[in-house]
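Enquirer: Here's my sequence, what's the structure:
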Amino acid sequence: MTRATKTVFSGAFALLFGVAANLALAAEGENFVDEASAKGIAEIETAKMALDKGTSEDVKQFAQMMIDDHTKANQELAQLAQAKDLEMSDEATLMDKAKAMILKLRDGENFDEAYANNQVVAHEQTIEMYQDYVEGGENADLKQFAQKTLPKLEEHLKQAKDLQAKHGAKD
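Expert: Modelled structure (predicted):
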């Protein structure tokens, strides 16, 4: 192999490697955007149910906060996703849909208890996903979004645990 051929070959390899790395980063960022937006949608949908079926004022206030905060977070995430040419989820994940279906079957105080339990588990899972992205994510803008959103999610978890304790829910 001539020196010129080796140079062209190594240049082509470097270009292909760079393209592959960029695709991997896009896929990793797309995964986070898809999961985070799906969880946000699930929060909003279950909160709407809580406004309708909940009996306690504190549950309804918490639900309205979930709608407000997760709508705002998803709007911010949508702007980042658009700028990075990443797709947002347009629906909740299958597991979150199953949890919402369970909530639909409950009424009154039983609903309040189920909703509080659901919110504790959902926020624990979401916080773990955001922390994982902050620690290992590659996209700086998405990492910054995750880092900025974590304190709000942690506050939601604290309030969900307070609801859970108040409404006699069990782990």
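Enquirer: Skip ahead from the helix or strand of the chain with the lowest mean pLDDT and say which helix or strand is next.
Expert: The helix or strand of the chain with the poorest confidence is helix 94-104; it has a mean of 60 (mean pLDDT, DSSP states H and E). The helix or strand immediately downstream of helix 94-104 is helix 108-136, counting by DSSP states H and E.
Enquirer: Show me what that next one is packed against.
Expert: Identification of packing neighbours for helix 108-136 by 3 or more CB pairs under 8 Å, 6 or more residues apart in numbering; DSSP states H and E yields helix 3-53, helix 57-84, helix 94-104, helix 140-166. Using the backbone N, CA and C atoms, a C-beta is placed for each residue, glycine as well.
Enquirer: That one vs helix 57-84, what angle?
Expert: Counting by axes from the mean of the first three to the mean of the last three CA atoms, to 10 degrees, helix 108-136 lies at 30 degrees to helix 57-84.
Enquirer: State the mean pLDDT of helix 108-136.
Expert: Averaged across helix 108-136, the pLDDT comes to 90.
Enquirer: and the angle from that helix to helix 140-166?
Expert: Using the same axes, to 10 degrees: helix 108-136 against helix 140-166 is 150 degrees.
Enquirer: And Asp132, how close does it get to Ala116?
Expert: 25 Å (CB to CB, to the nearest Å).
Enquirer: Those two: which is more packed in?
Expert: Higher neighbour count among Asp132 and Ala116: Ala116, with 26 against 12, using other CB atoms under 10 Å.
Enquirer: isn't that one right up against Ala160?
Expert: Yes. The criterion here is CB atoms under 8 Å, and Ala116 meets it with Ala160 at 6.3 Å.
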